[in-house]
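Novice: I would like to see how this sequence folds:
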Amino acid sequence: MTWWLWAFLGLILLGVEITTPGGFYILFFGLSALVVAALAGVELVASEWIQWLLFSVMSVASLFIFRGPLLRMIKSHESVGPPIDTMVGEIAIPMENLAPGSTGKAECRGTAWTAHNLGPTGLLKGQRSLVERVEGLALWLKSE
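Specialist: Numbers count the residues shown, from 1 in each chain. Have a look, this model is predicted:
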């Protein structure tokens, strides 16, 4: 195949990768086609069967070598940053007396939550309490 056919194939494969949701599979085939196009363009690889063999080996090898680190790098950048909505630091009102270390109900943002008393002193019903942390649907409170 001539070099421009490899370049065209590579660009088509890269375009398909961009338009499809997925996990970076077609990307490596497109890049390998572009490398083969460059090698065929400078006439380092003239035989067609060697071009196809080189394309196949480079595609599969780069897929196995680079896909995992690429996905890890992208996922690590997604999880950076503070939570979008957190209740830490807000005020909650216990709906019942909570002894130190005990569990009960508290109201925060107009909703009843499971609440754990995190502080060394008891929390009284109606006492303003500070949300120290949130685990699932449970608030960990201490006196303000």
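Novice: Could I get the phi/psi values of the residue nearest to Ala138 when sequence neighbours are not counted?
Specialist: Residue nearest to Ala138 in three dimensions, not counting chain neighbours: Thr114, with 4.4 Å by C-beta to C-beta, 6 or more residues apart in numbering. Backbone N, C-alpha and C define where each C-beta goes, glycine included. Here is the backbone geometry of Thr114 (degrees, to the nearest 10): phi -70, psi 130.
Novice: Next: Ala138.
Specialist: On the backbone of Ala138 - angles per degrees, to the nearest 10 - the values are phi -110, psi 140.
Novice: now Asn117
Specialist: phi -80, psi 110.
Novice: Could you measure from it over to Met95?
Specialist: Counting by C-beta to C-beta, to the nearest Å, the separation of Asn117 from Met95 is 13 Å.
Novice: what about the residue nearest the centre of the chain, helix or strand, and which?
Specialist: The centroid of the chain falls nearest to Lys75 when counting by C-alpha atoms, centre = their mean (3.5 Å). With the criterion set as DSSP states H and E, the secondary-structure element containing Lys75 is helix 48-78.
Novice: what element comes up after that helix heading to the C-terminus?
Specialist: Heading C-terminal from helix 48-78 (DSSP H and E), you reach strand 91-94.
Novice: ok, that following strand: who's next to it in the sheet?
Specialist: Its sheet considered, strand 91-94 pairs with strand 103-108 (antiparallel), strand 129-135 (antiparallel) by DSSP bridges.
Novice: out of these, which comes closest to Phe66?
Specialist: Among the strands paired with strand 91-94, the nearest to Phe66 by C-beta to C-beta is strand 129-135 (37.4 Å).
Novice: That closest one: how far from the chain's middle?
Specialist: Averaging C-alpha coordinates over strand 129-135 and over its chain gives two centres that are 26 Å apart (C-alpha atoms, centre = their mean, to the nearest Å).
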